[in-house]
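Engineer: Next come a sequence and a model predicted from it.
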Amino acid sequence: MTTIFALSSGAVPAGVAVFRLSGSKALEIAGQIVESPPKPRMASLRYLKDPRNGDVIDQVLILTFPGPSSFTGEDCVELHCHGGRAVVSAVIELLSSFEDCRLAEAGEFSRRAFENGKMDLMEVEGLADLIHAETDQQRRQAIRQASGHHREQLGSWRDTLLYGRSMIEAELDFADEEDVPGSVSDVIWPKISALKSEMEQHLSQARSGERVREGLQVVLVGHPNAGKSSLLNWFAKRDVAIVTEEAGTTRDLLEVHLDIEGYPVVLVDTAGLRDAENLVEKEGIRRALDRSRVADLLIEIVDSSQTVDRVVVESEADRLVLFNKEDRVGSERNLSNLKEGSFSVSIKHETGMQDFYDSFVKHIEKSFMGAENVLITQKRQADALALCVDYVEKALIYSDLPIEIRSEFLRMAGEELGKITGQIDVEEMLGVIFSQFCVGK
Ligand SMILES: Nc1nc2c(ncn2[C@@H]2O[C@H](COP(=O)(O)OP(=O)(O)OP(=O)(O)O)[C@@H](O)[C@H]2O)c(=O)[nH]1
Ligand SMILES: [K+]
Ligand SMILES: [Mg+2]
């Protein structure tokens, strides 16, 4: 396998730049660029030299990780250089000069780790999420997945499916023999049925996992000039959106990513809703309605100095309502008829905002409840699990079909389960049959 290398640390210039090498030539290359090879896994201070002319390039820390005890499972080397541009270019040039050694492609280290059995697919995905995590909750979910938190659960589901098939196999193989009970396989169906419920429960939580990855979608809606963009700017603490007194200012969807008590929230500003003639505005309104439909939470803003009419938006999401511009309404406004989830505020003058914010945070926390322990965090995983449940269901309901076919459904279910971690169900029927029955005569 070609030896690959990459600058694994961030943008230069920086204090330190970390290069990582992986492949069959990694240790040999290390032996040529530093004088005395370091002990495995021991950080050693060395001069980095170009063997072509003896030039000293930098003074570095070098670590070697002989395979298979390394990230990729191959021989790996880490070079901690000084993070200047010239140093980094010189190291890239030097490493590229070795035969069979090249810059890695995106994700190639993780791919090798997966192929060498160091990580399963879910762990790889967890690691990618960890690198992209922006909030504390995202980090927690990602590190849990990257460290294989799912293994036990998926393993036990897989075992149950295998056990079911083994029992069916046993019944088919030994059906003629008198001392094997007639419908041994019958005992498996209650277990398979329980398995199905358990999987379904995890599937129903998949949305929570996705929410943590992608952020809770909160969409601001209302009539033109109600104060939607003002609210977006208030949350973002900067002038993200254009605010003017002209109705119909906002047309495009405008997103900001917020960290609310560690939870990721995507706040979306939209075009004010009205019967628009203008083509651009019409398209903006169409997008606003589209996005509202898939929102997790709507915040409706009403200019209460003009109207108390509400906008019509098709959405199943919870809704908080802000009656804005209370500064213009004066003290005669009767606040007693404000319903739960409604607030009288002035966004511009920042009055009444604390009550609204507290309620907003409560909603966010509620939306993420139970997200600490979700197993499934991505659509890819959810799709495979849904197919698995489908096959299990077929095995359960088609009780009139020959048992071989029901067993085949269980096998296909196992295959889908295997796709979640990237380990495809091989034909391993284990010794389950023989540990369950005394058939050794
Ligand atoms: N008096 C008063 N004016 C406000 C308040 N909040 C916002 N405004 C003003 O109302 C006008 C419209 O605000 P925007 O935030 O642009 O409203 P919008 O809903 O985004 O409007 P469109 O994008 O056109 O749909 C601006 O002139 C704001 O300064 C408030 O609490 N009191
Ligand atoms: K406006
Ligand atoms: Mg606006």
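Structural biologist: Sure, I can see it. Numbering: from 1, shown residues only. Ligands and ions are numbered 1, 2, ... in the order given.
Engineer: quick one: low-confidence parts of the stretch 251-400 of the chain?
Structural biologist: Residues of the stretch 251-400 of the chain meeting the criterion pLDDT under 70: 330-337.
Engineer: Please identify which residue in it comes closest to ligand 3.
Structural biologist: Asp269 (5.9 Å; CB to the ion). C-beta here means a position set from N, CA and C on the backbone, and glycine is covered the same way.
Engineer: mind checking how far that residue is from Ile285?
Structural biologist: Applying CB to CB, to the nearest Å, the value for Asp269 to Ile285 is 13 Å.
Engineer: Counting neighbours, go ahead and name the busier of those two.
Structural biologist: More neighbours surround Asp269 than the other of Asp269 and Ile285, with 25 against 21 (other CB atoms under 10 Å).
Engineer: what sits against that one?
Structural biologist: Going by CB atoms under 8 Å, 6 or more residues apart in numbering, Asp269 touches 220, 228-229, 231-232, 240-241, 250, 253-255.
Engineer: Equivalent analysis for Val212, please.
Structural biologist: The contact partners of Val212, by CB under 8 Å, 6+ apart, come to 137-138, 141, 263-264, 368, 371, 374, 377.
Engineer: From those, which land in strands?
Structural biologist: 263-264 (DSSP state E).
Engineer: Highest neighbour count among the contacts of Val212?
Structural biologist: Busiest of the contacts of Val212 [other CB under 10 Å] is Thr377, holding 28 neighbours.
Engineer: sorry, back to before: buried among the contacts of Asp269? Need that as a selection in ChimeraX.
Structural biologist: Here is the ChimeraX command that picks out the buried ones among the contacts of Asp269, judged by 16 or more other CB atoms under 10 Å:
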select :220,228,229,231,232,240,241,250,254,255
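Engineer: ok, and which of the contacts of Asp269 reach ligand 1?
Structural biologist: Checking the contacts of Asp269 against ligand 1 by CB under 6 Å from any ligand atom, the ones in range are 228-229, 250.
Engineer: measure stretch 360-380 end to end?
Structural biologist: This stretch, stretch 360-380, spans 31 Å end to end (CA to CA, to the nearest Å).
Engineer: In that stretch, which residues are buried?
Structural biologist: 360, 363-364, 367-368, 371, 374-378.
Engineer: Please list the members of the residues you listed that lie in helices.
Structural biologist: Among the buried residues of stretch 360-380, the ones falling in helices (DSSP state H) are 360, 363-364, 367.
Engineer: Max pairwise distance over those residues: which two?
Structural biologist: Phe360 and Ser367 (10.8 Å; CB to CB).
Engineer: pretty sure Leu289 contacts Val312?
Structural biologist: No - at 9.5 Å, Leu289 does not count as touching Val312 under the criterion of CB atoms under 8 Å.
Engineer: out of those two, which sits in the more crowded spot?
Structural biologist: More crowded of Leu289 and Val312, by other CB under 10 Å: Leu289, with 19 against 8.
Engineer: Please tell me I have it right and Ser407 contacts Ile168.
Structural biologist: Yes - using CB under 8 Å, Ser407 is in contact with Ile168, at 4.3 Å.
Engineer: and Ala295, what does it touch?
Structural biologist: Counting by CB under 8 Å, 6+ apart, Ala295 has contacts 217-219, 268, 315, 317.
Engineer: looking at these, which has the most residues close by?
Structural biologist: Greatest neighbour count in the contacts of Ala295, by other CB under 10 Å, goes to Val219: 29 neighbours.
Engineer: Pairing partners for the host helix or strand of it, with directions?
Structural biologist: Using DSSP states H and E, the element containing Val219 is strand 216-222. Sheet pairing of strand 216-222 (DSSP bridges) gives strand 263-269 (parallel), strand 297-303 (parallel).
Engineer: Quick one: residues in contact with it.
Structural biologist: Under CB under 8 Å, 6+ apart, the answer for strand 216-222 is 228, 231-232, 263-270, 272-273, 288, 291-292, 294-303, 311, 313, 317, 364, 367-368.
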